[in-house]
Each structure stands twice: as structure tokens, then as C-alpha cells.
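**Student:** Coordinates for the following, if possible.
(chains A and B)
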Amino acid sequence: MRKLPKFLLVVALLALMLPGSLAQDATEITFATWGNTTELQMFNDMIAAFEELHPDVDVTILERPGQGYRDQTIVEMAAGTAPDVVRAGFRGDFAFYAHAGGTIDLSPYLEEGFSEDFFPAAWTIASVDGVPYGIPFMTDTHALFYNVDYIEQAGITVPTSMDDCWSWEEFSDMSRHAMDNSDADFGHAALWNGKRWMLFLYGNGGQVLTDDLSESTMDSEAAIETIAWTKSWYDDGLAPFSTSMKLSERADELFINGTIAFFISGSWHLPNLRENMVSQRWDITYLPCTENGVDADLGGNGFAVTRDSDNPEVAAEFVKFITNTENMKYFAEQAFFNPVRYSSLEGLSYPEFNDMMLLFAEVAETVDAHHASVQGLPLFPGIQNIIQDELDLAFVAGQSAEQTAQNIHDKINALLAEE
Amino acid sequence: MVATNPETIGAESARNWRDWWSLNQRKVVPYLFITPTLAIFLVFVLFPIAYSAVISFFKWNGISEPEFSGLKNYLRLLEDPIFWTSLQNTVNFTLGVVPLSMAFGLLAALGLNRPQLPGRAVLRAIYFLPFVISAVATATTAGWIFGDTFGVLNKMLVELGLKKVQWLTNRHTAMMTVVIVTIWVRLGFCMLIYLAGLQSIPPDLVEAARVDGASRWQQFRHITFPLLKPTTFLLIVLNIIYSFEVFDLVFVLTNGGPGYATTVLTVFIYNSAFQTQRVGYASAIGIVFMAIIMTITLIQWRISNEGGRIS
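**Tutor:** Just a heads-up that it's a prediction; the model follows:
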């Protein structure tokens, strides 16, 4: 009688050890990302497909909130415990992680000519001095959302092509006209940050830094003019103060609840507007422009492999897989983003908002190359912070455009000198 | 005779151990009790502070190799106008929150200490609730109340025929709004501590004063309030520390704006560490910040002790 339990114990122990020994053979990698339910589902589908192709690899997804994602990644890199694959934004993340030694050079894992299929601006932003420290995945840009009901009430006709875009003055007039002649409380608002404001600066022929990226050019006439115009939105009562740089109310919510007639932001709002802006009609058109140039917001992100990865080769293979032509196209179509591979554009068709997405794609092509290189700097988060703080002082605290431009100029130069 | 038998040696050492234990048990046991807390304190409080102090002498972006920079971070801090603005904002916030939350907390405690008050348990819970809810949830709710364009408060003002107020977007009103929201949160905590203080006052003393003809105000002025002095000192110290440490509520409600109007030291530290990646500089601010809190606490402690001796 005493021998049976002992035998069972041995069998049980062996059974417990078996999956463990099998698991030891599998290569495990971790992949940290943010995303809404649809996006996370798509990533899980891609992981399942990758694991099917590579039965010896086990990918664990670490779902994290977008807010604070970068902070957490930096802390983990500092502690040497970063996941194998991390997501990095087009706001200097790739360069910052690379300069700090947090991510690895992917060129040993990429075939000759791998980068040729990618949009140059996106590939540049994921590289440091020509060395790829990540693979870009998607991009997004801004357009002008408008409340169709209010526009009709006010008798406004919106531009139907980029060549017909409103000038800054015309846009301000239309915003006031909509505010005065419809149920809108305010003309317009943007979902701001320092990076997004740059589209107007470059669109006005200005630059944040000199061509060689060594000094600030924020004391230029173009910069002062851009600050003065965006400041006038608030001074003239066209945009609510609460939507300034350090916002206390979100412009997308103000658009949905009918407070504003125009809303400047990106394509990722489309599903949210479809779900929540049901009592009023809405559409998109081209952003206001100037005669001095043309530019668009360069949003987007991609993936990088960290130095903490025990299996960089597998991690790089996984990054290549999720950024391949089919997966990039699939993600862009379902999540309403623009792909960054030329091959993903072939047959690209969005299940909804197809015309709108094509307009976004048209706008995205106007991204200024210098703008992209500034955003690719490891110092960019600091530069963005300076622009954001000073613009907030201009928009809501009465600081003059000239003083704001000078302060940004001095602080950026101090930041560059410090490095 | 020296014992050579192993069993004898074992028995002897066990006896020695028992003797030592019976002699030192009273000294050792308290340390065993505090060991888990002490370990947590060392790992999660003392070590990060010490590490932060070291990092404050380095230029470091948080990931790469730190570069020694001597006193540069501290010298920079002295010349940084945003540091001084943040310090001023923190002091203003503290001066606004501490006396008002304590005064309202005391009033609430006095009201809710009456046994005959119907539903006082529910009322106590209602007052205390904001303190136990996450600060982020509280700040989000406060944002819906004080929002400029679709805030509940401004909607009510408009309904009453009054003008909207820029609660969160005006330099002069934003800090006041943050203070009001914090008082709403902190009031329940002050009320709870004051309630504990009130219940420790012997009822005989108040009763004797009443029999002697003291009015309600005189009872409060000469009996209740002086006996609440230790509670008041405790609350002053805790409230000042809590006020200096405020972060999540300000970060969510105003993000330090408009401009730098509500940028308190903790928000400035966060921005320096995670927005501009100056972790060494942020550590230097943190060390100065800790020194300020410690100095205030020591002063309070000294005053409290002297007060205790006088009474």
C-alpha cells in the first residue's frame, strides 16, 4: 500500500518536469506595446502567426498604457530589465534610446536593400547616423475635422483640394464665421503638443534648428509670425484657453460635444468619432496653409530591440515580421493609420473612411525633410518641452510672440550647448 | 573537566543559547518585529534617497553611463527661474491648503462628534471618501467640475445668469482651484484625526465647564481647543509634508499650467527627469526638496516638544 503513493509521486514529478524541460527549449521573447482593443487584438494575431512560423519561439505581449510608456521603458532600460522588443515614437525615441545604449543596431539582421521599401522620412527617424536602431511601422498626420451641421448653418464651403487650402487669415475668418453663425461656442481647437505645433512653423517656411542641426533658428521672423498666429486663436477667442498646450480639456471631446466647429488632429480619432459623435455629422478637409511652404505633422512609431534582449536575433526577426508588407498594411487598414512601406500602399483599402484616409495620406507626403531630422534627434523631447512650456505662456499667460520666440531660441541653444 | 563527548557539547551549547535568549529576549524581539518594515524602508526609501544623492552630482540621462559633474546641478538650480517659481508655488499651495483644510476638518469633526446627530456615520464616510479615492480619479472628476467650457460649475453659473470663470486656465485662479480641490480631498483626513482627538478628551472636563456656566464658545476656546493641541501639531506636520509632496492631483488637473502657474516642485522634478531627461538635475532638486521638508519637520517637532513641556 505504501509503494503506490510513492510511485504516483514520482510520476507526478516527472509530469511536472516535462513541460518545464520543453519550455526550456523554446526561445522566449517579450514585446511591450500600447494600443486600444482593436490594435492589441491585431498584435496578438501577428504573434500567433509568428509562433506558427517559428514553433520554437514563444512571444509574450506586455500590454501597457500609452501614457507613461516611454517613462517605463527608460526606467527598465536603466535597470537592465527592458523587454526584448519595445515600441518607439517619432519624437526622438529611437535616437534617445540608441544614444543612451538602450537599443541595438539592427543592420546585422537586415538584408541588403531592406530600407528601400520604406518612406525615407520614417526610415531616417528610426536611424542614428544612418544606422538603423529600429524599424518604422506606421505614420499618422493631421487634417482639419469639421462639424458639417455647423458649416452648413454658417454657409461655409470647405477646400476640396490641397491647392485650394485656406490661408491662415482665411481660416481664422472661417473659424470666427462658424462661431458667430452656428451653434458652436468656439471656432476651433487643436489637440496640441510642441511637436504638433511644428507643422505650422515648417508650413510657414520656418525651422526649429539650422540646416546642420547645431543652433536654434527660433528667433526668425517665420517663427515669430507662427507663434503670433497661433496665439491669436486664444487672444481673439476663437479657441478655448482650456485647449492650450497644458490642456485642461481635450479638444476631441469639445468637438464631439459640439462646442467647437473645427478640430485639428489626426486619423486615429476616426473610430472614436464614429462611436461617439452620432448626433451631428462630421468630415475632414485640408489644413490651412501659407505661401511660404507646406508641411504636415509627422506622427508615428516603430519597434526597436533592446540591449537587454537575450535573443536579439529572434527579437529582430519578430520586428521584421510585424513590420512586413502584409502586417503593416493589415494594421494600417484596421487601425486607421498610414503605412510607411511603399509595398503596403498597393491595394491599400480601408474598410471605412477610405476617402478620408487617402486625404490623410496625401497630407502626410508633404512632411518637410528637415522637420523629420529634428524630430529624430535624441534631444527632441527636451526641445519639444521647451516649445510647449513657452507656447503655453504665450497662449494663456499673455507672453508676447517676440518674447516667446526669444525664450525658445535661448533655451534650445542652452540645451544644445549642454550636450 | 572539559567535555569531549559530542552529545555533552551539544547539550551545553543549547543551554548557553537558552541562557543568552532568556537574558536578551526583551532586546531582540522588538527588532524581529520591525525587521520586515525596516527592510522595506531600507530598500524602497533609504537606498533610493542615498542613490539619488549620489546621482545629483552626475550628469545622467537615465540610461547611459553617468558623467561626474560635481556641484553643477546644484549651481544650475540656484539660477533656474522655474525652480524658484515651483518652490514659490509649492509654498503658496501649502499656505492655502494646510490652514483651510484643518479649519474645515475641525468644524466637520465638531459637528460629527455629536452623538445625537442622525446619520453621522454616513456623513463621516462621505467626508472621508475623497481621501481614499485615487488622486487621479479625484483630479479627473474635479476637471469635469471646474472645466472652462463644459464644466458643471460653469454651466451652473451660466444658468444663474452669471459669467463663466476660468477656473483652470487663468494664472490667478488656477492655483486657487487646485487648493480648493485639495481641501476637498484633505478635509476628510483632518476630520478623522480631529475626531480621534475629540474622543480622547474626558467629557467630565467639558461638563464641569458647562456646570460652571461657560458658554459653548468658552468651552471650545478654553477646554476643547487647548486639549486638541497635540492633534493639531500632528496635523500641521502631516499636512505640510503631504502638501509639499502633491503631484498626481496637479499633474492630472493642470499639468503645471497655465504657464508655470501651478508647477509645484514635484511636477518640476518629474518634467526634469522624464521630459528633458536630466535625471541628475532632477535628483539635485529632489535632495534640496527633501532637505526643505526635513527642516520644516524638525522645526515643527521642536515647537511641538517645547509646547508639550510648557503644558
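**Student:** so where do the strands sit in chain B?
**Tutor:** B:58-59, B:67-68 (DSSP state E).
**Student:** of the ones you listed, which approaches chain A most closely?
**Tutor:** Between chain A and these, the shortest separation by CB to the nearest CB is 8.3 Å, and it involves strand B:58-59. Every residue, glycine included, has its C-beta placed from N, CA and C.
**Student:** So which of the strands of chain B is the most surrounded?
**Tutor:** Counting by mean count of other CB atoms under 10 Å in any protein chain shown, strand B:58-59 has the highest mean neighbour count of the strands of chain B, with a mean of 19.
**Student:** average model confidence for that strand?
**Tutor:** Here strand B:58-59 scores 94 as its mean pLDDT.
**Student:** again, but for stretch A:197-213
**Tutor:** For stretch A:197-213, mean pLDDT is 93.
**Student:** list the contacts for A:Gly66?
**Tutor:** Listed by CB atoms under 8 Å, 6 or more residues apart in numbering or on different chains, the contact set of A:Gly66 reads A:Trp34, A:Gly35.
**Student:** That one: what secondary structure?
**Tutor:** coil (DSSP: H, G, I helix; E, B strand; the rest coil).
**Student:** so what's whatever residue of the stretch 1-150 of chain A ends up closest to chain B scoring on pLDDT?
**Tutor:** Closest to chain B within the stretch 1-150 of chain A is A:Ala100: 3.5 Å, counting by CB to the nearest CB. If you check A:Ala100, the pLDDT there is 87.
**Student:** Residues of the stretch 201-311 of chain B that sit close to chain A?
**Tutor:** B:253-261, B:271, B:274-277 (CB under 8 Å from any CB of the partner chain).
**Student:** 7 Å - rerun?
**Tutor:** Residues of the stretch 201-311 of chain B found near chain A (CB under 7 Å from any CB of the partner chain) are B:Leu253, B:Thr254, B:Asn255, B:Gly256, B:Gly257, B:Pro258, B:Gly259, B:Asn271, B:Phe274, B:Gln275, B:Thr276, B:Gln277.
**Student:** quick check, nearest of the residues you listed to chain A?
**Tutor:** Taking CB to the nearest CB as the measure, chain A lies nearest B:Gly257 of those, at 2.8 Å.
**Student:** Give the closest residue to the closest one in space, chain neighbours not counted.
**Tutor:** Distances taken as CB to CB, 6 or more residues apart in numbering or on different chains place A:Lys246 nearest to B:Gly257, at 2.8 Å, with adjacent residues excluded.
**Student:** And that neighbour, what's its pLDDT?
**Tutor:** Reading off the model, A:Lys246 has pLDDT 90.
**Student:** a helix runs through it, doesn't it?
**Tutor:** No. Under three-state DSSP, A:Lys246 falls outside any helix and is assigned coil.
**Student:** Contact partners for it?
**Tutor:** Residues in contact with A:Lys246 (CB atoms under 7 Å, 6 or more residues apart in numbering or on different chains) are A:Asp392, B:Thr254, B:Asn255, B:Gly256, B:Gly257, B:Pro258.
**Student:** can you rerun that using 8 Å?
**Tutor:** Listed by CB under 8 Å, 6+ apart, the contact set of A:Lys246 reads A:Gln388, A:Asp392, B:Thr254, B:Asn255, B:Gly256, B:Gly257, B:Pro258, B:Gly259.
**Student:** count of neighbours near the third one?
**Tutor:** Read that as B:Thr254. Neighbour count of B:Thr254, defined by other CB atoms under 10 Å in any protein chain shown: 28.
**Student:** can you point me to the longest helix in chain B?
**Tutor:** If you go by DSSP state H, chain B has its longest helix at helix B:6-41.
**Student:** just to revisit the earlier point, which two from the contacts of A:Lys246 end up farthest apart in space?
**Tutor:** Checked with CB to CB, the contacts of A:Lys246 reach their widest spread between A:Gln388 and B:Thr254, with 13.8 Å between them.
**Student:** Name the spans of the chain whose pLDDT lies under the cut-off.
**Tutor:** Answering for chain A, as no chain was given. Scanning chain A for pLDDT under 70 picks out the ranges A:1-25.
**Student:** that's the wrong chain, I meant chain B
**Tutor:** Ranges of chain B meeting pLDDT under 70: B:1-4, B:6-7, B:306-311.
**Student:** Right, I'll call it a day here.
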